[in-house]
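Visitor: requesting a structural model of the entry that follows:
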Amino acid sequence: MNTNGLGLQYQNKELLSLPAFQVVIYARTSTAAQADEDKISIPDQIEWAENLCKERGWEFVGSYVDTLPGDVEFELRPQGFKLLENAGFKQFNLVLLYHSSRLAREPWVGLKTISILGKGGIQTYIRNAPIEPLPPQNYIYGNNVASEYLNALSLVGDKQENIARSERVTSGFKNLAQRGIVVFTLYGYKKIPKIEITSAGKQIYSWTFEIDPTESVIVIRIYKEYNSGKSLRKIVKQLIIDKIPSPSGKLGLGSWSATTVRNILSNPVYAGTTRWGRKLGSKYRQGRNENGKQKRVYMSIDKWILKNSNNCPKIIDEPYFEKTQALLKTRGKIAGRQLSTDSLLPGLVYCGDCQRRAYSKTREVHKNGKTYIRTDFIDQSYARGLDCRRHLMSADKLEQLVLLQLQSRLQRLSKTDIEKQLISKNTDSKLVVGESLNQITRSLKTYETKKSRLLDVYLSGILAKDDFTKQKNKLDNEETLLIQEQNRLFEIINDEQKKISALRTLKELLTMFSATTDQKLRKEMLHRIIETVVIYRDHIDVIYKYSSGSLNEPNGKPHPCGFYGDKTKECKCNLNQILRYQKRVSGPMLDRIDIHLDVPAVKTEKLVSNERNLKAETSKEIRKRVQKARDMQLKRYKKKKITSNAEMSTKNVKEFCVLSPESLEILRLAVERMNLSARSYFRTIKIARTIADLEQSIKIKPVHIAESLQYRPKQETT
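Guide: Numbering: from 1, shown residues only. Have a look, this model is predicted:
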């Protein structure tokens, strides 16, 4: 076995009989438990693909495996994204799927993915809807209408099957509830399975529940503390302090939450009553909220099924349980949690410190003999017992600040010259990019001819097998680099078009929002305009869904509080908070940033010191150095259509950045240990060229390469 640069394993084949198809399989399970080694789902899917390739004489390249629900868009899945990325580099030309449901549960997700692959020249072969793939050189997406219909029908059939299966499961649970049978194990109980064999030899599976002596004590304690006057949060805090494992088995901050305690207090199973129908049912019966996410629909109590339990003993007496329910309702009305709010922002607000969602809490406030309604945004971390602030901001104040930002944004967008500025600013760069694209397209066309000639020379016996392999790998690597550069240039052109389109859309939406008076409609429109509102301690950030690129610049802080690694102030963020915060900027985005620098806080002594003997370069001196470097670059590229190192193409880098063996060795080690991508590799060389220019050095020295590598993100070294 040997491995290509993208981490996929390839099987060795005789190059005399190169197969027409390079094949991968995409496999998926809905949960991590289904992907365990003792399960057969993933191994079965991969084994089927390998056997099919052996039967057809195809080359099996590798597999992509995801463990997440099928209604997630394909490009948002880790391995799905990697598959699409590698498809762009022509690492394979056929994707196998064990079943169309492995691709997607929603038909539109599956059809969209098949379309993306097809337009890139990649065919799909689905086991339950097999369509014989065409020879790669004859395949043109869109020519085979029958295959598109078959794929669509297969995906629609999968969804209908899922809906029918969900309805069967829902109906089964309903029948069990009507017979007074509890199905799921609640906190405080143990499930005891039973298998009985009838006189006819048939096995009947049933179960009962026993009271767990340890957990039941905690259940009784929760009921007693709540009835004694303690709030849900105080109960949560004490359970965490006492190191009581939560129902999920977690310990420490965030293990218990007010919702968990409320569910225990409100579940009638603890009083010996089976309950069913509190929620509407399966996800196919439920709606979607403003953000497109699944919305839980709760049913009124008159539609519930409540029966005396036949297989689960009670822990709490019924009168005591009813008293608790009355107390929950009373406290809810007093605290105002059941009051509705007309605020525009619920569902959009996040805490800037812990990055968790904030919820709105509306309550009645009595002050100076008057009663009024107040809505505040409360940090979710506070409700979950985590170490973060409680009150973020009042809803009225936050709404005013957001509306001011929207108004200011609309005023800037209303300037008639914005689009003209964007277009004129990028006209010159587009001409250069267009010329570069044409050159790359012409170069790519020659590689098929080069490969064909190489194979002819090898088959004639003139070239040895090792030399043929070496030359072929060289051509493949060069072609891959050209494709990467081509994709990068396409992204530049598309980004400019997207910026102009986003500005137009945002301007239209803001104008419509300003002219609308209906509160419900304003709320719906606001959720279309704004992605999130982040509340920091000293300001707020509004992140728009329709961005021109400059609206949502990456935050330079490495984590929420901004004191990670600071020697004077301790960072209070835990590891999960830091990782979650840093993941808000994707790896590909970070990879496109040339220089990453950690800038520590300036020491107080340097700020207040009056000493003039501090050795520091003045702005004038720096300007002279930069101007000399710019002059070197202008002179270097006077016969080219570029003016700076940043504009160098891959071909330019090889021409103007000749490296010594020592520098190449440093880069080779860096690629291995820092997992540098092809993009990072060439950007590192460009930065080294600039460092050398600043030192007025004609050659790039190993020290320049070493310094350039220090500016790559630290995540690449882990």
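Visitor: okay, and for the stretch 201-350 of the chain, where does confidence drop off?
Guide: Scanning the stretch 201-350 of the chain for pLDDT under 70 picks out 281-296, 331-342.
Visitor: one more time with 80
Guide: 253-254, 279-299, 330-343, 346-347 (pLDDT under 80).
Visitor: separation between residue 102 and residue 186?
Guide: Using Cβ to Cβ, to the nearest Å, residue 102 is found at 34 Å from residue 186. (Glycine included, C-beta is placed from N, CA and C.)
Visitor: what do you get for residue 158?
Guide: For residue 158, the distance to residue 186 (Cβ to Cβ) stands at 33 Å.
Visitor: neighbour count winner among residue 102 and residue 186?
Guide: Ranked by neighbour count (other Cβ atoms under 10 Å), residue 102 and residue 186 place residue 102 first, with 23 against 19.
Visitor: show the contacting residues for that one.
Guide: Taking Cβ atoms under 8 Å, 6 or more residues apart in numbering, we find residue 102 in contact with 26-28, 45, 70.
Visitor: could you check how far it is from residue 306?
Guide: Note on residue 102: its distance to residue 306, by Cβ to Cβ, is 40 Å.
Visitor: report the rounded mean pLDDT for stretch 457-476.
Guide: Averaging pLDDT along stretch 457-476 gives 77.
Visitor: mind listing what's buried along that stretch?
Guide: If you call a residue buried by 16 or more other Cβ atoms under 10 Å, then stretch 457-476 has these buried ones: 458, 463, 468, 471-472, 476.
Visitor: pull the most distant pair out of those.
Guide: Within the buried residues of stretch 457-476, 463 and 476 form the most distant pair, 16.2 Å apart (Cβ to Cβ).
Visitor: longest helix of the protein?
Guide: In the chain, assigned by DSSP state H, the helix with the most residues is helix 465-515.
Visitor: just how off-centre is that one within its chain?
Guide: 20 Å (Cα atoms, centre = their mean, to the nearest Å).
Visitor: same check, this time on stretch 513-532
Guide: So, by Cα atoms, centre = their mean, the centroid of stretch 513-532 is 26 Å from its chain's centroid.
Visitor: in it, what counts as buried?
Guide: With burial defined by 16+ other Cβ under 10 Å, the residues of stretch 513-532 counted as buried are 513, 522-523, 525-527, 529-532.
Visitor: check stretch 621-630 too.
Guide: residue 629.
Visitor: what sits up against it?
Guide: Residues contacting stretch 621-630 (Cβ under 8 Å, 6+ apart): 644, 690, 693-694, 696.
Visitor: among the residues you listed, which pair sits farthest apart?
Guide: It's 644 and 696 that sit farthest apart of the contacts of stretch 621-630, by Cβ to Cβ, at 16.5 Å.
Visitor: for these two, indicate the residue with more neighbours.
Guide: residue 644 (15 against 10).
Visitor: isn't there a helix covering residue 373?
Guide: No. Under DSSP: H, G, I helix; E, B strand; the rest coil, residue 373 sits outside any helix and is assigned strand.
Visitor: ok, back up a step: distance to residue 302, pLDDT and secondary structure added to the contacts of stretch 621-630, as TSV?
Guide: Shown next, in TSV, are those (distance: Cβ to Cβ, whole Å; pLDDT from 0 to 100; DSSP: H, G, I helix; E, B strand; the rest coil):
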residue	distance to residue 302	pLDDT	secondary structure
644	72	87	coil
690	73	92	helix
693	78	91	helix
694	77	91	helix
696	84	90	coil
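Visitor: most neighbours, which of the contacts of residue 102?
Guide: Neighbour-wise, these (other Cβ under 10 Å) top out at residue 28, 29 neighbours.
Visitor: return the residues in contact with that one.
Guide: Residues in contact with residue 28, defined by Cβ under 8 Å, 6+ apart, are 65-68, 70, 77, 102-103.
Visitor: can you confirm it is in a strand?
Guide: Yes. Counting by three-state DSSP, residue 28 is found in a strand.
Visitor: in the chain, which residue sits furthest out from the middle?
Guide: Most distant residue from the mean C-alpha position of the chain: residue 199, 55.4 Å away (Cα atoms, centre = their mean).
Visitor: that one in helix, strand or coil?
Guide: coil.
Visitor: picking that back up, which among the buried residues of stretch 457-476 gets closest to residue 129?
Guide: residue 476 (32.7 Å).
Visitor: any idea how far the closest one lies from residue 84?
Guide: From residue 476 to residue 84 the distance is 20 Å (Cβ to Cβ).
Visitor: domains in the chain, as residue ranges please.
Guide: 2-164, 189-272+309-335, 619-717 (automatic domain parsing).
Visitor: chain center to the last one: distance?
Guide: A distance of 32 Å separates the centroid of the chain from that of domain 619-717, by Cα atoms, centre = their mean.
Visitor: picking up where we left off before, between the domains of the chain, which one is nearest to residue 389?
Guide: Taking Cβ to Cβ, domain 189-272+309-335 is the member of these nearest to residue 389, at 13.8 Å.
Visitor: can you report how many residues neighbour residue 267?
Guide: When neighbours are defined as other Cβ under 10 Å, residue 267 has 18 of them.
Visitor: repeat that for the one 4 residues further on.
Guide: With neighbours defined by other Cβ under 10 Å, the count for residue 271 comes to 19.
Visitor: residue 541 sits in which helix or strand?
Guide: strand 540-544 (DSSP states H and E).
Visitor: which elements pack onto that strand?
Guide: If contacts are counted by 3 or more Cβ pairs under 8 Å, 6 or more residues apart in numbering; DSSP states H and E, strand 540-544 sits against helix 395-413, strand 530-535.
Visitor: same list (the ones you listed) but as JSON lines, adding distance to residue 680 and mean pLDDT.
Guide: JSON lines is the format used below for those (distance: least, Cβ to Cβ, whole Å; pLDDT from 0 to 100):
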{"stretch": "helix 395-413", "distance to residue 680": "35", "mean pLDDT": "83"}
{"stretch": "strand 530-535", "distance to residue 680": "28", "mean pLDDT": "86"}
